[in-house]
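1. No sequence on hand, only this structure:
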């Protein structure tokens, strides 16, 4: 016995429920569009008084979606943004003059973009929907859509949702169901049915991780010619991206064109591929809030004009900003550390807290690499670190490279390999002579912390720039809790001097022994 096929109303209700779930968004209000007439080839959605969609309280329910699928008058509008600023979908509205729906479908297919293209009300351009498998912040969805728009060759692209704020309604596709002219396209441009659209759109949902990855700017790819030129071009591009992204209003367009022209010269020399330059500069210009169409024109024109001129071989000021080629997270140390490979500058290993603060990072680069960079805004530095962390490698610190092992070696060198101070009846007065004083009866070695700091600074120690607070943590980790203390002792004329001590048995000497005195020849008679 076979079950009866669902009737038309049951199918519409099931489809309405799936559309409701697919386009979940604002749950406290929705819009109702009334389609009245066609003017100049475009469907007007204003009423007789020129008003737009009605703003109605309450969520866009399954019943409203059923009305949307069956009505030729009322159409449903949904905002992607939930009241808490989260969303599960967004859309690029492409409305270029002279751009057909088929053009948009072909470009999306050529770029393999993870969006579903639906025909717009006017039939010009199209709506590219990006669906998420879970709720993501609207700023993340907006950034993913902007990065997607940057890969399409169209000038006029509106993006929903905005980076913040509630944004506008979006008139939903498939109004009036199968009779609609606002359908999604199959390969070749044929219309999908509602059922086909639902399957494609549900399968096109991207994880939040993929949504975030869409915002990742393409890594510049160096090519052919010569390695020196390729390296220079990559460093130039990295510096220009920072400069453009941080540019303020007034002169942004001129700067963008000029930098695109500079890179065009190097593209013409075969040092770097044009696609990488175009994507990186366009992404930077969108971060600087330049209009999309204007930015595209300036980048294209700059590259085109620059390709006609050879690069200036005498000028190379491209390494004004750091470029992180690789980041390795070192695990197992007392203090979390990262090892960064900086393009053309080598490697530097620093505590995480010093990397994330650009001023301190710049200071350490000056000390260790003898290279100082131009200042970067904190937000931009954070973005660069986040991008490097996405590709980070993890490496366990070897036992003999751990901070505890290194600190123990330093302590032994300071406490045992130096001339020790004399102690008489437990007195440690000779610590003021910069000597560690051993008191075997107390199983302690007393010293002044400033003397140990001076000892570290004179060598090539990893701890030479550490604060006193951190030095104390490292010493404690090396000798064990309870074996390193600060105390007050009577030293010379100071009855309450602050000194440190470590337990003598916690820092055993290694192979120390007294050397025999050389033989003394008897005096001749």
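-> That came through fine. Treat the numbers as computed from the prediction; the structure is a model and nothing was measured.
2. Touching, residue 305 and residue 258? I think so.
-> No. Contact criterion CB atoms under 8 Å: residue 305 and residue 258 do not qualify, at 10.0 Å. To be clear about C-beta, it is placed using only N, CA and C from the backbone, and glycine gets the same treatment.
3. Using neighbour counts, pick out the buried residues of stretch 486-506.
-> Buried positions in stretch 486-506, judged by neighbour count with 16 or more other CB atoms under 10 Å: 489, 491, 497, 499, 500, 501, 502, 503, 504, 506.
4. Let me fix that, I meant to ask about stretch 112-120.
-> 113, 114, 115, 116, 117, 118, 119, 120.
5. likewise stretch 445-464?
-> The neighbour-count check on stretch 445-464 (16+ other CB under 10 Å) flags 445, 446, 447, 448, 451, 452, 453, 455, 456, 461, 462, 463 as buried.
6. pretty sure residue 136 contacts residue 87?
-> Yes. Using CB under 8 Å, residue 136 is in contact with residue 87, at 6.6 Å.
7. Pick out whichever of the two has more residues nearby.
-> Between residue 136 and residue 87, counted using other CB atoms under 10 Å, the more crowded position is residue 87 (25 against 21).
8. my read: that one touches residue 135, true?
-> Yes. Counting by CB under 8 Å, residue 87 touches residue 135, with 6.9 Å between them.
9. from the buried residues of stretch 112-120, which ones fall inside helices?
-> The helices in this structure, assigned by DSSP state H, contain none of the buried residues of stretch 112-120.
10. Need those in a markdown table (columns: pLDDT and distance to residue 28).
-> Output for these, formatted as a markdown table (pLDDT from 0 to 100; distance: CB to CB, whole Å):
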| residue | pLDDT | distance to residue 28 |
| --- | --- | --- |
| 113 | 89 | 31 |
| 114 | 90 | 29 |
| 115 | 94 | 27 |
| 116 | 95 | 26 |
| 117 | 94 | 29 |
| 118 | 95 | 25 |
| 119 | 91 | 29 |
| 120 | 84 | 27 |
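11. any chance of those residues in a markdown table, plus distance to residue 94?
-> A markdown table is the format used below for these (distance: CB to CB, whole Å):
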| residue | distance to residue 94 |
| --- | --- |
| 113 | 12 |
| 114 | 16 |
| 115 | 11 |
| 116 | 13 |
| 117 | 9 |
| 118 | 11 |
| 119 | 11 |
| 120 | 8 |
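12. Name the helix or strand for the most centrally placed residue in the chain, please.
-> Against the mean C-alpha coordinate of the chain, by CA atoms, centre = their mean, the closest residue is residue 386 at 2.9 Å. Using DSSP states H and E, residue 386 maps to helix 378-390.
13. same for whatever helix or strand comes next after that helix, what does it pack against?
-> Going down the chain from helix 378-390, the next helix or strand is strand 393-396, by DSSP H and E. Counting by 3 or more CB pairs under 8 Å, 6 or more residues apart in numbering; DSSP states H and E, the packing neighbours recorded for strand 393-396 are strand 324-331.
14. Can you mark which positions in the strand it packs on are buried?
-> In strand 324-331, the ones that count as buried by 16+ other CB under 10 Å are 324, 325, 327, 328, 330.
15. Quick check, pLDDT for the third one.
-> Model confidence at residue 327, given as pLDDT, is 91.
16. That one reaches residue 339, doesn't it?
-> Yes. Residue 327 is within contact range of residue 339, at 7.5 Å (criterion: CB under 8 Å).
17. what residues are up against residue 101?
-> 117, 119, 120, 123, 124, 125, 126, 185, 189 (CB atoms under 8 Å, 6 or more residues apart in numbering).
18. which one of these sits closest to residue 480?
-> Minimum distance to residue 480 across the contacts of residue 101 is 65.8 Å, recorded for residue 117 (CB to CB).
19. which residues pair with the closest one across the strands?
-> The partner list for residue 117 in beta bridges (DSSP bridges) reads residue 128.
20. is it true that it touches residue 184?
-> Yes. Using CB under 8 Å, residue 117 is in contact with residue 184, at 6.5 Å.
21. longest helix of the protein?
-> As assigned by DSSP H, the longest helix anywhere in the chain is helix 227-245.
22. So what's the gap between the helix or strand immediately after it in the chain and the chain middle?
-> The element immediately downstream of helix 227-245 (helix or strand, assigned by DSSP H and E) is helix 252-268. Offset of helix 252-268 from its chain centre (CA atoms, centre = their mean, to the nearest Å): 25 Å.
23. next one: stretch 497-504
-> In terms of CA atoms, centre = their mean, the centre of stretch 497-504 is found 46 Å from the chain centre.
24. How about residues contacting stretch 350-359?
-> Outside of stretch 350-359, the residues within contact range by CB under 8 Å, 6+ apart are 335-338, 340, 360-361, 364, 375-376, 378, 381-382, 385.
25. redo that, cut-off 6 Å
-> Stretch 350-359 is contacted by residues 335, 336, 337, 338, 360, 361, 364, 376, 381 when judged by CB atoms under 6 Å, 6 or more residues apart in numbering.
26. and the third one, how many residues sit next to it?
-> The criterion is other CB under 10 Å. On that basis, residue 337 has 21 neighbouring residues.
27. Give me the pLDDT value at it.
-> If you check residue 337, the pLDDT there is 86.
28. what separates the spatially closest residue to it that is not a sequence neighbour from residue 177, distance-wise?
-> Leaving aside its chain neighbours, residue 337 sits nearest to residue 330 (4.5 Å; criterion: CB to CB, 6 or more residues apart in numbering). Distance, residue 330 to residue 177, by CB to CB, to the nearest Å: 59 Å.
29. Likewise for residue 368?
-> 67 Å.
30. Among these two, which residue is more densely surrounded?
-> Taking other CB under 10 Å, residue 368 and residue 177 do not tie; residue 177 has more neighbours (19 against 14).
31. what about stretch 419-433, how long is it end to end?
-> Using CA to CA, to the nearest Å, the end-to-end distance of stretch 419-433 comes to 11 Å.
32. Which element, helix or strand, includes residue 406?
-> Assigned by DSSP H and E, residue 406 belongs to helix 403-415.
33. And that helix, what's buried?
-> 403, 404, 406, 407, 408, 410, 411, 412, 414, 415.
34. Same question for the longest helix of the chain: list its buried residues.
-> Judged by neighbour count using 16+ other CB under 10 Å, the buried positions of helix 227-245 are 229-245.
35. what's the angle from it to helix 378-390?
-> Per axes from the mean of the first three to the mean of the last three CA atoms, to 10 degrees, the angle that helix 227-245 makes with helix 378-390 is 130 degrees.
36. Helix 252-268 and helix 227-245, what's the angle between them?
-> Calculated by the same axes, to 10 degrees, helix 227-245 forms an angle of 170 degrees with helix 252-268.
37. shouldn't residue 366 be in contact with residue 373?
-> No. Look at residue 366 against residue 373 with CB atoms under 6 Å: they stay out of range, at 9.0 Å.
38. Name the residue in these two with the higher neighbour count.
-> Neighbours per residue (other CB under 10 Å) separate residue 366 from residue 373, with residue 373 holding more: 19 against 12.
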